[in-house]
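*Asks:* Below are the sequence and a predicted model; questions follow.
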Amino acid sequence: MGSVGASSTELHGEKDSKAPPPAPKELDAGAQFVLKSRGSWIHSGYHLTTSIVAPPLLSLPFAFASLGWTAGVLSLVIGALVTFYSYNLLSLVLEHHAQLGHRHLRFRDMANDILGPKWGKYYVGPVQFLVCYGAVVGSTLLGGQCMKAIYLLSNPDGNMKLYQFVIIFGGLMLILAQFPSFHSLRHINLVSLVLSLAYSACATAGSIYIGSSSKGPEKDYSLSSNDETRIFGIFNALAIIATTFGNGIIPEIQATLAPPVKGKMFKGLCICYAVVTSTFFSVAISGYWAFGNQADGLILTNFLDESKPLVPKWFVLMTNIFTILQLSAVAVVYLQPTNEVLERTFADPKSGEFSIRNVVPRLISRSLSVIIATTISAMLPFFGDINAVIGAFGFMPLDFVLPVVFFNLTFKPSKRSLIFWLNTVIAVVFSVLGATAAVAAIRQISLDAKTYRLFANV
C-alpha cells in the first residue's frame, strides 16, 4: 500500500522537480498498464457519468415510495449537492498531493498517506473492493433480468430461467473485461453516456404515458401505517439513493488524466452532473407520479402488467436494450480496481503490455474475475437488497464521509471557518445515516430470506 512509488509517480508525470530524486523502486504494473494517465478532462466526464449515471437510478421511484414527495425530492437534492461537493474536495486533495510530488492513483493510496497504513490496508482498500465488485455483481444480475424481460415479451410461455440470462450477460462481460486499461474505455463510456440519457428518457416517457392513461394503477402516495415498516423503509430508501449517487473510484478516474491534472476533474464533474440532473430527477419524479407506492424496485417492471405491456412492445424492448448495453459499460468500469490489483499481482512491468508474458495472465485472471461475479449474480438474484447493502456499507463512507475528512486533514481549515464545520457536519450526519441504513438493509434481507433460493427464477 502507501503512496505511489517513485517509478509510478514519474510514470504519471507528477514529480516535484525541487524534491531530491527518490531511490528507484520496482515499477507498479497496475499503475503502468491499467491506470495509465493519457486522458483529457472530457474523458474523465465520460468515466464519471458511466460510474454514477447507471441503471440503479431506475430504483429511485421505489425509494420515493418509502419517503413520499417532500422527503424524496429533498433527499435527491441533498444527495446531488453533497456528492458534487465531496467529489470536488476529493479532487482538490488529489491535486494538492500531486503538486507535492505524490500523485495518488488509488483510493487506498490516499487513505494510507492521510489516515495511516492500517486504514488503507484494512478498511478503505477492502471496502472499495467490495463496493466495486458488488457493483459488477449487481450490474450483471440486472443485465440478466432485462434480458429475461425481453425474452418473456417475445415468448410469454418460455421456460428459460433467470440464471441462464445472467450467464449470457456474463459472456458479454468476458469480452469487454479484456480492454487493457481504464483509458481504453473512453469511447465505450461516451456511448454509455448517450445510452443513459436514452433509457432515462424512455423510462420518463413511459411513466408519463401510463400515468396519463387508464392503464396505470390508481395513484396512491400514502406511506405505510406501520411505524416500524415506515422507519426502516426510510433508511432503506436513503441507502438506495446513496448507492445511486455512489462512485467510489474518483482517485482511479483522476489517475487516467494526463498531467497537469489541475481543474480537469471539475470540468468532468460538470459534464457528469448535467446528465445526473436531467436523468435522476426526471425518472424519480415521473415514476413515482405514475405508480405511487406501487413503484417496483426497477421501474421498468411497472411497464408490464402480468407480462402484458402497458406501453407498445417495441418501446419496452428498446428501453431494455439500451439498459443492457449501458450495464455492460458500468460493469467494466467497476471492474477496473479489481483489474488493477490483478495486474499488479500477476503482470511483469518490465515486459511489454501486450507481450505473451502479460497477456496470458491478464486473460486468465480477468476471465476468472468475471466468472465469479456471474456465478454470484446467478446464485443470489435479489438486486434491490444488494443495492441497499452496498449503499449502506460502501458508498456512504467512501463518497459522503471520507472526502470531507481527507480535506480537513490535508488542508487543516480553521476550526472557526464555515468549511470546517460544514465538512464535520457532513461526516457525522452521513456516518450515522450509513450505520442506520446498514441495519435497515440487513433487516430487509432477513425479511426477504424466506423467499431466498439459490438460482431463483425471480
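*Replies:* Thanks, I have it.
*Asks:* can you tell me the helix or strand for Asp348?
*Replies:* In the assignment (DSSP states H and E), Asp348 maps to no helix and no strand.
*Asks:* Next, find the distance separating it from Leu363.
*Replies:* 15 Å (C-beta to C-beta, to the nearest Å). (Glycine included, C-beta is placed from N, CA and C.)
*Asks:* Check Phe291 too.
*Replies:* For Phe291 relative to Leu363 (C-beta to C-beta), the value is 45 Å.
*Asks:* Same question for Pro337.
*Replies:* Per C-beta to C-beta, Pro337 is found 19 Å from Leu363.
*Asks:* now swap in Arg416 and tell me
*Replies:* 56 Å.
*Asks:* quick one on the thing from earlier: between Phe291 and Leu363, which is the more surrounded one?
*Replies:* Phe291 (26 against 13; other C-beta atoms under 10 Å).
*Asks:* Which helix or strand contains that one?
*Replies:* helix 264-291.
*Asks:* So which elements touch that helix?
*Replies:* On a contact count with 3 or more C-beta pairs under 8 Å, 6 or more residues apart in numbering; DSSP states H and E, helix 264-291 meets helix 41-52, helix 60-99, helix 186-212, helix 250-255.
*Asks:* contact partners of the shortest one?
*Replies:* Residues outside helix 250-255 that contact it (C-beta atoms under 8 Å, 6 or more residues apart in numbering) are 12, 31, 35, 37, 44, 47-48, 51, 87, 90-91, 94, 103-107, 109-110, 182, 247, 261, 264-265, 268, 336-337, 340, 403.
*Asks:* how does it look with 6 Å?
*Replies:* 35, 44, 47, 87, 90, 94, 104-107, 110, 265, 336 (C-beta atoms under 6 Å, 6 or more residues apart in numbering).
*Asks:* quick one: average pLDDT of that helix?
*Replies:* The average pLDDT within helix 250-255 is 94.
*Asks:* would you put the C-alpha positions of that helix in PDB?
*Replies:* Output in PDB follows, covering the C-alpha atoms of helix 250-255 (Å, rounded to 0.1, in the frame of the first residue of the first chain):
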ATOM      1  CA  ILE A 250     -12.800   9.100  -8.000                       C
ATOM      2  CA  PRO A 251      -9.000   8.700  -7.500                       C
ATOM      3  CA  GLU A 252      -8.800   5.900 -10.100                       C
ATOM      4  CA  ILE A 253     -10.700   8.100 -12.600                       C
ATOM      5  CA  GLN A 254      -8.400  11.100 -11.900                       C
ATOM      6  CA  ALA A 255      -5.400   8.800 -12.400                       C
END
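*Asks:* returning to that earlier point: in the helix holding Phe291, which residues are buried?
*Replies:* Neighbour-count burial for helix 264-291, with 16 or more other C-beta atoms under 10 Å as criterion, is recorded at 264-266, 268-269, 271-273, 275-276, 278-291.
*Asks:* Same question for stretch 439-452.
*Replies:* Buried residues in stretch 439-452 (16+ other C-beta under 10 Å): Ala440, Ala441, Gln444.
*Asks:* One more: stretch 147-160?
*Replies:* Quick answer for stretch 147-160 (16+ other C-beta under 10 Å): Met147, Lys148, Ala149, Ile150, Tyr151, Leu153.
*Asks:* got TSV for those, with distance to Lys121 too?
*Replies:* Shown next, in TSV, are the buried residues of stretch 147-160 (distance: C-beta to C-beta, whole Å):
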residue	distance to Lys121
Met147	39
Lys148	40
Ala149	42
Ile150	44
Tyr151	45
Leu153	48
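*Asks:* Out of those residues, list just those in helices.
*Replies:* Met147, Lys148, Ala149, Ile150, Tyr151, Leu153 (DSSP state H).
*Asks:* from those residues, which two are the most distant?
*Replies:* Greatest spatial distance in these: Met147 and Leu153, 10.9 Å, computed using C-beta to C-beta.
*Asks:* thinking again about what came up before, redo the buried residues of stretch 439-452 as a markdown table? Include secondary structure and distance to Ser307.
*Replies:* Listed next are those as a markdown table, based on DSSP: H, G, I helix; E, B strand; the rest coil; distance: C-beta to C-beta, whole Å:
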| residue | secondary structure | distance to Ser307 |
| --- | --- | --- |
| Ala440 | helix | 31 |
| Ala441 | helix | 30 |
| Gln444 | helix | 26 |
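*Asks:* Take these and lay them out in a markdown table including pLDDT and distance to Phe395.
*Replies:* Listed next are these as a markdown table, based on pLDDT from 0 to 100; distance: C-beta to C-beta, whole Å:
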| residue | pLDDT | distance to Phe395 |
| --- | --- | --- |
| Ala440 | 80 | 15 |
| Ala441 | 78 | 12 |
| Gln444 | 76 | 17 |
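*Asks:* of these, closest to Pro397?
*Replies:* Proximity of the buried residues of stretch 439-452 to Pro397 (C-beta to C-beta) peaks at Ala441, which lies at 14.1 Å.
*Asks:* is it true that that closest one touches Phe393?
*Replies:* No. Judged on C-beta atoms under 6 Å, Ala441 makes no contact with Phe393 at a distance of 7.9 Å.
*Asks:* can you list the weak-confidence ranges in the chain?
*Replies:* 1-27, 383-388, 391, 449, 452, 455-456, 458 (pLDDT under 70).
*Asks:* make it 50
*Replies:* 1-11, 13-25 (pLDDT under 50).
*Asks:* Return the member of the contacts of helix 250-255 nearest to Arg186.
*Replies:* Among these, and counting by C-beta to C-beta, the member closest to Arg186 is His47, at 7.3 Å.
*Asks:* Excluding chain neighbours, what is closest to the closest one?
*Replies:* Ile253 (4.7 Å; C-beta to C-beta, 6 or more residues apart in numbering).
*Asks:* Roughly how far does that neighbour sit from Leu304?
*Replies:* 36 Å.
*Asks:* Next: Asp157.
*Replies:* Asp157 is 15 Å from Leu304, by C-beta to C-beta.
*Asks:* wait, Lys292 sits on Glu218?
*Replies:* Wrong residue type there; residue 292 is Gly, not Lys. No. If you go by C-beta under 6 Å, Gly292 and Glu218 don't touch, sitting 8.0 Å apart.
*Asks:* any chance of the buried residues of stretch 439-452 in a markdown table, plus distance to Met318?
*Replies:* Formatted as a markdown table, the buried residues of stretch 439-452 follow (distance: C-beta to C-beta, whole Å):
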| residue | distance to Met318 |
| --- | --- |
| Ala440 | 35 |
| Ala441 | 33 |
| Gln444 | 32 |
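*Asks:* Looking at those, spot the one nearest Cys132.
*Replies:* Using C-beta to C-beta, Ala441 comes nearest to Cys132 of the buried residues of stretch 439-452, at 18.0 Å.
*Asks:* Now Tyr221. Its backbone dihedrals?
*Replies:* phi -110, psi 20 (degrees, to the nearest 10).
*Asks:* what do you get for Val53?
*Replies:* phi -90, psi 80.
*Asks:* Number the chain from 8, please
*Replies:* Sure thing, new numbering starts at 8, so read that last one as Val60.
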